[in-house]
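Colleague: sequence-free structure coming up:
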């Protein structure tokens, strides 16, 4: 009896002598969101710096902007005076660092052809481009996401094959060509939609007075349904032309990721409970398939802004792209440099915002 007690006592440790219990930390929500945001913000700064630097030196390869824009319209003495006043006769590195200082204070210089601050041009025409990009994104989601779901649900059948071919055509067709064909069919032959512009002349006169610059918002605020209808009719063709370009990418992304989620265990569990295929797509597999779309949306903004140059020129949609083409035609490289630099900043900021949204939706991206 005594030996049993002794052995029992030897096999236990008094409570006061026990070593402290080891605690383990489990990372359940991904890395620190604040740290992730800080890192992404810091990475955005060199990205913008590299883009602005590339634009600056590419423009300088053509010579000084004043000679390029006004070389045939000024006497040699006048030209030399303008070059000296603008500081283009100084070393390129001096001009570069001065330009960087201006960019970080959002001073992009003054246009050579119409003597307007580039910042004013960006504000005046940027809202039109923003409106067009929003319309195009809406079209891309409305067309690309549902068709991607249909293709995934009917994979390896004729609807899937037809939709995949359509996605390639959407992406591969040049924007200007699609715009010209759309104008020919819906404006010239059928007469259903306006040929060009953001609105008719009367509507533009009313909406351009003390408005936001986004015609749809201004038309709704005016309380006149005729203005809203006019703005929407003018937006249909440009939005479809630019939106279908991105819709093809969304279609293939949704299809690929939905098919990937079909092999996940929770999908098999739902299927074993008798959930039909349509509900599997809409409820169980849909949200994971959207995460890659949100992740690449920043890159698509860059694609849309690039496509906006051709779309706005084709439809005479007076935004940054339309104005950029006009400045290129007049060789106003100060304006071109400012607009392209601002587009680079917009793309970098958009990628930053998209990364943060993706981190909220899927904590795994914080690692």
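Modeller: Alright, I've got the coordinates. Every value quoted in this text rests on a predicted model; they were computed, and no experiment measured them.
Colleague: Need the pLDDT of residue 162.
Modeller: Reported pLDDT at residue 162 in the predicted model: 92.
Colleague: what helices or strands is the helix or strand hosting it leaning on?
Modeller: Per DSSP states H and E, residue 162 falls inside helix 158-172. Applying 3 or more CB pairs under 8 Å, 6 or more residues apart in numbering; DSSP states H and E, we find helix 158-172 packed against helix 118-153, helix 225-261. For the C-beta atoms, the positions are set from N, CA and C on the backbone; glycine is no exception.
Colleague: Compile the ones you listed into JSON lines and extend it with columns for mean pLDDT and mean neighbour count.
Modeller: JSON lines is the format used below for the helices and strands packed on helix 158-172 (pLDDT from 0 to 100; neighbours: other CB atoms under 10 Å):
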{"stretch": "helix 118-153", "mean pLDDT": "88", "mean neighbour count": "20"}
{"stretch": "helix 225-261", "mean pLDDT": "88", "mean neighbour count": "22"}
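Colleague: what about residue 189, neighbour count?
Modeller: 9 (other CB atoms under 10 Å).
Colleague: what's near enough to touch it?
Modeller: Not one residue lies near residue 189 by CB atoms under 8 Å, 6 or more residues apart in numbering.
Colleague: so residue 211 sits right up against residue 218, yeah?
Modeller: Yes: using CB atoms under 8 Å, residue 211 is in contact with residue 218, at 3.8 Å.
Colleague: how close does residue 302 sit to residue 75?
Modeller: 42 Å (CB to CB, to the nearest Å).
Colleague: Low-confidence ranges, the stretch 51-200 of the chain, go.
Modeller: 69-72 (pLDDT under 70).
Colleague: hang on, the earlier thing: which of residue 302 and residue 75 has more residues huddled nearby?
Modeller: Higher neighbour count among residue 302 and residue 75: residue 302, with 16 against 8, using other CB under 10 Å.
Colleague: list the contacts for that one?
Modeller: 347, 350.
Colleague: Equivalent analysis for the one 3 residues further on, please.
Modeller: Contacts were defined as CB under 8 Å, 6+ apart; by that measure residue 305 touches 129, 133, 320-321, 343, 346-347.
Colleague: which residues touch residue 60?
Modeller: 92, 95.
Colleague: Next one: it from residue 104, what distance?
Modeller: Residue 60 is 19 Å from residue 104, by CB to CB.
Colleague: list the contacts for residue 135?
Modeller: Residues near residue 135 by CB under 8 Å, 6+ apart: 235, 238-239, 242-243.
Colleague: Can I get those residues in a markdown table including distance to residue 187?
Modeller: What follows is these, written out as a markdown table (distance: CB to CB, whole Å):
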| residue | distance to residue 187 |
| --- | --- |
| 235 | 13 |
| 238 | 12 |
| 239 | 14 |
| 242 | 16 |
| 243 | 18 |
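Colleague: Tell me the one of those nearest residue 195?
Modeller: residue 238 (11.2 Å; CB to CB).
Colleague: The closest one against residue 131, yeah?
Modeller: No: the criterion here is CB under 8 Å, and residue 238 misses it with residue 131 at 9.8 Å.
Colleague: Wait, a helix at residue 213?
Modeller: No: assignment of residue 213 by DSSP: H, G, I helix; E, B strand; the rest coil gives coil, placing it outside any helix.
Colleague: Which residue, other than its chain neighbours, is closest to it?
Modeller: residue 127 (3.1 Å; CB to CB, 6 or more residues apart in numbering).
Colleague: Residue 218 versus the one you found, what's the distance?
Modeller: With CB to CB as the criterion, residue 127 and residue 218 are 10 Å apart.
Colleague: got it, and residue 227?
Modeller: Distance, residue 227 to residue 218, by CB to CB: 8 Å.
Colleague: And for the residue nearest to residue 131 when sequence neighbours are not counted, the neighbour number?
Modeller: Spatial nearest neighbour of residue 131, excluding adjacent residues (CB to CB, 6+ apart): residue 214 at 4.8 Å. Neighbourhood size, residue 214 [other CB under 10 Å]: 17.
Colleague: got any residues that touch both of residue 127 and residue 218?
Modeller: In contact with both residue 127 and residue 218: residue 212, using CB under 8 Å, 6+ apart.
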